[in-house]
Structures are given as C-alpha cells and as structure tokens.
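Colleague: what follows is a predicted structure for the sequence shown.
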Amino acid sequence: MFLDVENLNVTFKTRRGLVSAVRDVSFTLEKGETLGIVGESGSGKSVSSYAIMRILDRNGRIANGRVSFDDMDLTAFSNREMRELRGREISMVFQNPRAALNPIRKVGHQIEDVLRRHSRATKYTARKKAIKALEAVRISDPEKRYDAYPFELSGGMCQRIVIAIALACDPRLLIADEPTTGLDVTTQKVVMDLLAELTTRRGMSSILITHDLGLAAEYCDRIVVMKDGEIVEQGKPDALFARPANAYTRRLISATPRPGAEIGDLVDPPLPSPPRPELGAPLLQVKNLSKVFGHGDDAVTAVDDISFDIREGETLGLVGESGCGKSTTSSMVMRLMDPSNGEILLNGKPMTDVPAAKFARDPRRASLQMVFQDATDSINPRFTARQAIADPIRRLTDEKPNGRVEELATQVGLPLTLLDRFPHQLSGGQKARVGIARALASRPKLLILDEPTAALDVSIQAVVLNLLAELRASLGVSYLFVSHDLHVVRLLCDRIIVMRKGRIVEEGDTASIMDNPTDDYTKTLLAATPMAPRADRDEVDIAITAKQAIAE
Amino acid sequence: MTPRTRLILFRVLQAIPALAGVILVSFILTRMLPGDPAAYFAGPAATTESIAEIRAAMGLDRSLPVQFLHYVLDLFSGDLGNSLSTGQPVLEELARRLPASLELTFTALLLSCGIALPLGIAAAVNQGSWIDHVCRAVVTAGVSLPTFFTGIVLVYVFYYLLGWAPSPLGRLDFVYLSPPDVTGFYVIDALLAGDMETAWGAARQLILPATTLALFTLAPLARMARASMLQALSSDYIRTARAAGLREGQVIFGYAFQNAMLPVITTLGMVFSFMLGANVLVEKVFAWPGIGSYAVEALVVSDYAAVQGFVLAMAILFVLLNLVIDILYTVVDPRTREG
C-alpha cells in the first residue's frame, strides 16, 4: 500500500478544551491513484491532509493513529525528517493561490527555494530549472514571468505557480486542498486538467480535497465522504452516486445543482417548487449602459453599452466570470455608482438624474436593495441580528422596528431566539438569512442578489435558494441574480444574460440558454462546470450520463 | 526610468511642500512665544526707548509678512540669525550640537533594535513560552517607566552605587581631548584617528544615556515585531513554505520576517521621532550637549532665533526621516511600486 491512513485522530487545544476535529479516519491510496475527499466546511477534510503532512497549526496534534507512506510511519518521523520529505516526496497545493505565495518574493525565486532546499538545483542551475518548472505548468513566456510578483498575476496563473512549486522536486504524492475554489469555472477546468495530466504523466498518486461533488466525480478514481470529522462513506464515484448508502451522502448529492433537478429537489426531503409570480409591467429598464474607468490611454471599459429589462415579479440572471462587468453593472443598477453613459429607469422614470452620491436620501432607495456575497463581512460585527435588520426600517421607512423585525425574521426562517446574537455567534446559513431579512426590511421592489450563496456549503445553498424562491412567490419581488454559476442561476431565473468583457454575449429564456446555447462562450461556460453523475434511482450506466452531462 | 526610481523621485518631490510648510510653521510658532525678546536683550535696566531701539535693530517692529520675507531670504543664504543669549550664529551652534544628539539617538536606536527585534521574533516563534513572557514584561516596563526616571536610576546604580559608569557629565571626561572632527560622532572620530583610549572614554559616557533612551523605545518596537511576526507566521504563504519542506530558518527569516518588516519599519520611523523628543529630558539628566538641552535653554529666555533654528532643524530631520522610511518601503515591498 502506497499511503495507508489508519484510525487517524486529530485534536485541537482550544480555550474551551480539547476539540477532536478528525475521528478514526482510515483510507488507503494506491500508486497512481487519485482519491477525492469530499465534505462541507468543518468536516475535517483539510485537517486530515495537514495531519498527513504534519503541518497542523501549533495547537493541533495527531492524538492517535498511523500514517504509513511507502511503508514508513510518518507519525514516528522527527520534524527534521518530515521537512526532508515535504516538497520532495509529498507536496501540497492550496486554495486561495494568491495568498499561498509570498507576496514580496519573485515567483521564480520561490520555486528556486524549493529546488535548492531539496538539492535539485545549485546556485548556478536554479534559474534554468525554475524556468523549466514554469514551462511544465504551461506558463507562457516563463523567462518574463520568473521575475513577476504574485500580485502581478491572475488567480489562475498564481495557482499554476503554486503547482510548479509543489511539483518542482517530482514528489510521489500530491495533496490538492480545494485547488480551484475561488477561481472561475473555465480557469478551474484548465487548472484541474493540468493537474490531472501532470500527475498521470509522472505516475503520481494524488488526493483531491473538495466541497464540490461534481469535481471529485470527474477527476477521482475513488471518493471518501466526510462529515463532522468522520468518514461516512467511500467508494468509486459512479457506484457512490448511483447507490449512496449513507443518508448524508444522499443529501449532499441531492443538494448539488445539476441538470434536470428543480429547486425543490435540492433539499431532502424534496419540496414542491414554489409557484412563479405573475409577470407584470417592466420594473427596471437599463438602456445603453456603459462604464469607463480611468482616462485617456489607461481607460478601461468595464461595461460596454448593455440594455435589458426586468419585469415585476421576474428574476433575471446575470452570469459571467470575474472581470466580465457584472459587479459594475449591479453597482450601477443599485445606484452606488454613476454610469458613464446610458440610463436606468425604475417604473418608467429615470433614476440616473439623481447622482449616486445623493441617492441614499432618495425615496426610491427603499425600492432597491441588495443581498451580498459574503454574509459575514457585510453585517456590522457590532450589531446584533435585530439591530442589523432594524437599521434599514428606521432609515428608509416610516414603520416602527418593533414587531416588523420579528415578522421579517419569521419570513426568512430565522428563529426569533437568535435575534439578539452577534454575527460571530451565528452560522453561515443564519447570517445569510439575516442578510436577506435586512434587504427585505424596506419592502423593496427589486432585490439584487450578488452571488448570495457562493460562500455557503451546498446543503445550505439549497435551503437559501428555496427560501429565495418562496419569498419571491409570497412577496412578488423581482430579482437580479448575479452569479458565475449557470447551474445555480438556472434554478431561480426566468431569463438569463451572459456577459463577457463588458458586453452581453447571449440573452434568452433560461431553458433555451441552458439547452441550446448559441454563443460559443456560453457553451464553454456550461461545459466547464463539473457535473456529478445523477443519483438515479434506477441503475443506468452512470459514467455515460456523466460524460453526456459534461459534453452538453 | 523604472517604476521604482520614478516612485522614489516622486517621494523626494513630495517632501518639498512639507519643507515649505515647516518653514512657515517654525516662523509663526516662534512669534507666538510669550515674552519680548527685545526686553530680554536690553536687560533689566533698560528704558522704554532703549527697548524700542533694540526692537527696531532686530527688525521686530516691522510687519509679520516683511519679517517672514527676511526670514526666508536669510534662510536661503544659510543664515539662521544669532542667538540672543550667546551671541553666536544659531547655525554654528546647531551644527556643533546636532552630532551629539544624533550620536546618542543612533546608538540608542541600534541598541534597542538589536534587542527588540530578536526578542519580538523569538516571542512570536515561541508563542506562550517563557521568552514570550519575558518579552511581555520588558514591553510593559519599557512603556511604564519615564525616561527621566530610568535615567536617574541608571546613574544611581551604575555610577553612584557600583561606580562602573563615569560621571554623567557630557560626552567626554575632561581628561580626554575631543577627537578631530570628521563625522561629529566622538566614538567614530576617535576610532578614525586611531585613538582607542578616547574612543573607549566616549563610549563609556555614551552607554548610560543611550541605554535610557533605548529602554524607552524598546517597547513599541518589540511589541510591533512580535505582532507582525505572529501575523506573518499564520499566513497562507508560510504554510506553503512549510509544505514545501523549507528549513525553519528560511521560513522564519526569509519568508515571515521579510513580510513582518513592513510594519516594523513604520514603527521605527515613529520611534525615531519619539526619541528626538525624549532626547530633551535625557540630555538634561546626563548634561549631554545636544540640541535638546540647547532648545530648552533657549525657550526659557525667549531666544526666538535659537528656538526657530531648533524647530526647523527638527522638522527637517522629521521630513528626511519620513522620506527614508517611504523609500525603504518601496525597496522592501514590490506592491507599492505600482501606481
């Protein structure tokens, strides 16, 4: 056995005493095999891999268990022996690649550091070998990139550098910890394909840690599902998805957005999908909207002459990758930023005549509200949930917060007992509910949802999406749903706009965009999203459906 | 021109308006001092007429804008006026006394960096260990003990009780001759002249006041070094470096410390300016002939030319110091070179 983890237990010493983060975890890995460890936040999937590498935080330690790598017991190794092994035999690739690189050291030098540490290069050959390592991860113009600092490179490029560092010394095992979280789907595909190709060609074993079942199914030979520090199920992807034995695995699979599933199917047990509101007159009209940043030669056109309408009760999806101009568009619609050109009309009356700086005191402010991507960062840490929800009631309406706050909390399914808690005392899902309640407080007509579920685990995402659908049905509000993920957008939206480089490349009904995309970019986006095989109850050949789903 | 040189040049240019402001403020500040320099200069037996005569001779009867114009013109010809109490040109006196203050300040800064940085780093690397507790104790003591108190305690213990230190009277005991003036720093000048005995004598005089000042500045430096080191050590790139098997020394000094340096440099700049202020007290306690004690004496007698010269010299020192810090920043952190 190449890697054999036996009854691994990891504990952390905290102020509240010992916390066991990983309990009795056992799995094996063969030479050349790729193992996926899947789980939501707090499942102990990353901690397990840090334990294998022995790079746990200071307060964490392996309480029990054995990690044998190529018949060596790593738990018995001294720190110095582990340092010899790390980077040379076992390497790791992390999430958030930009933060994973030393911000003030040239990337070429960071690769050299590893090469020289493990005697793969001398002072004189280091530069040449580092450039070779850059070539191996297909960085164009490696001679020039050698001198770049991480902040000068894109996220995908930074991740290639991290991979170059990890693979520089030809290790035999690579652990990738959420290597593509935070990257665009097309970048994710490029990075994952590169990783898969490099590990296969070098005959390496690898472990892919991810929250994304689809990603694991597409790239792994075997999958381990973890929950609350324990392994709940393991097996081959197709078998696991076809016949999940464990209730949690089933829930995880059903919560993952996939073709064919309706919004109510995501939760367990499935809910009937809420009715869609009747569509009324046009509520928001955007005409020839443009935004240019900077002047002269440095001018960048972030949004380039786009037009669209949203009717009353309608949900419009705005989809695109980072830098496509979707955030700039939503900021302008939200009247937080003035457009360079074009107009925005609400109920047929132009809003752009009031400058964004003064719009906060405009009576129409209450009609436009926003739900933000990061529920944690967008709530004042010194406000309780009650204060956060009451704030817009006081500022934007004539109502009394008493009673109204409770009504809103009930609407979004936030238990009233949690109202007096501070954000840090609430879970991610609860904070998302506070964010939605706060946005609804002023009885808005249009809610801009800026990736409202991007930071949430899939099971909570499923619940929040259903909540948004119910609210739409009961309140009749319109949504502008901004997201990078077509499969999430599909669940909620009547129509979808796909943006690229500030322009709308495709626009249409959700069904026609998803099933018959005409633009090449839309097709690329759809194909790049990894799809979990369907957990069909009748046992069709899962692998084939998965391939079809990817090909579609 | 590379972005780095352009940025450094830009920073140098930015210092010019600051200097102009300093000239204006130093002028206004000294005119606002209580007391009449003409009356002081005329002496206790002066009549109203003789005071008016002196005032006219000193140009103090003219309007403020005219006085300012003369002040600026004199400044550009290198004339800071004459001290009222000694009759000497202010520029000369400052030039003689400034090296004494700088020698003291730099020695103290070296001493405190030499202790604070290793202490802060060791405390961060071994968080919660005995060295961390030592660091905390030193920081607390350094913050809570005022310089005039530590100065007097040091004199009491090392001069009066133990007799290890020489008498706290100036830069050099009278048995030595001051070394030939090269840098103005006695220890260095004596070493340059090859006069080991004088160098030793000057160093012995220097050690107690420098220690007093160093104790005062140790606290902020050690605290900032520890805090920024802790933050750097918990960063993702440190985890990457560890996962790549880099040696602990390289992780701590090559990766963490270089990043932790940035806030430490900022603190260093602040500490340096605190020190210039604290100098005044320490120079008084140790009879050190620096510009701090010079300024206090001048203030007491409303010697406005001297005070003006002092304020100007200090302000220019501050501006230059900030310039150096900014430039250091651009050298250390590539991110500041953009835009």
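Modeller: Noted; the coordinates are in hand.
Colleague: quick check: A:A302 touching A:L289?
Modeller: No - with contact defined as C-beta atoms under 8 Å, A:A302 does not reach A:L289; the gap is 10.6 Å. The C-beta positions use only the backbone N, C-alpha and C, and glycine is treated the same way.
Colleague: helices or strands up against the lengthiest helix in chain B?
Modeller: Counting by DSSP state H, the longest helix found in chain B is helix B:196-233. Where contact means 3 or more C-beta pairs under 8 Å, 6 or more residues apart in numbering or on different chains; DSSP states H and E, helix B:196-233 is packed against helix B:90-125, helix B:130-144, helix B:147-154, helix B:186-192, helix B:258-285.
Colleague: out of those helices, which gets nearest to chain A?
Modeller: helix B:258-285 (6.0 Å; C-beta to the nearest C-beta).
Colleague: re the thing from before, the longest helix of chain B: what's the following helix or strand?
Modeller: helix B:236-243 (DSSP states H and E).
Colleague: what about the chain, any weak spots by pLDDT?
Modeller: In the absence of a named chain, chain A is used. A:532-552 (pLDDT under 70).
Colleague: oops, I was thinking of chain B
Modeller: B:1, B:35, B:338-339.
Colleague: list the contacts of the residue nearest the centre of chain B.
Modeller: Centroid-nearest residue in chain B: B:L276, 3.4 Å away (criterion: C-alpha atoms, centre = their mean). Residues near B:L276 by C-beta atoms under 8 Å, 6 or more residues apart in numbering or on different chains: B:101, B:105, B:292, B:314, B:317-318.
Colleague: what does B:Q308 give?
Modeller: B:Q308 neighbours (C-beta under 8 Å, 6+ apart): B:26-27, B:29-30, B:71, B:80-81, B:90.
Colleague: restricted to buried residues, select those residues in PyMOL.
Modeller: This is the PyMOL syntax for the buried subset of the contacts of B:Q308, where burial follows 16 or more other C-beta atoms under 10 Å in any protein chain shown:
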select buried, chain B and resi 26+27+30+71+80+81+90
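Colleague: okay if I get the contacts of B:Q308 as TSV plus distance to chain A?
Modeller: Listed next are the contacts of B:Q308 as TSV, based on distance: C-beta to the nearest C-beta, whole Å:
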residue	distance to chain A
B:S26	38
B:F27	40
B:L29	39
B:T30	44
B:Y71	42
B:L80	43
B:G81	47
B:V90	44
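Colleague: how about a markdown table for the contacts of B:Q308, with secondary structure added?
Modeller: Listed next are the contacts of B:Q308 as a markdown table, based on DSSP: H, G, I helix; E, B strand; the rest coil:
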| residue | secondary structure |
| --- | --- |
| B:S26 | helix |
| B:F27 | helix |
| B:L29 | helix |
| B:T30 | helix |
| B:Y71 | helix |
| B:L80 | coil |
| B:G81 | coil |
| B:V90 | helix |
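Colleague: how about TSV for the contacts of B:Q308, with distance to A:V405 added?
Modeller: Below are the contacts of B:Q308 laid out as TSV (distance: C-beta to C-beta, whole Å):
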residue	distance to A:V405
B:S26	58
B:F27	60
B:L29	55
B:T30	61
B:Y71	65
B:L80	68
B:G81	70
B:V90	69
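Colleague: pick out the residue in the stretch 401-550 of chain A sitting closest to chain B.
Modeller: Counting by C-beta to the nearest C-beta, the stretch 401-550 of chain A gets nearest to chain B through A:A455 (17.6 Å).
Colleague: which ones are touching that residue?
Modeller: With C-beta under 8 Å, 6+ apart, A:A455 has these contacts: A:373-376, A:428.
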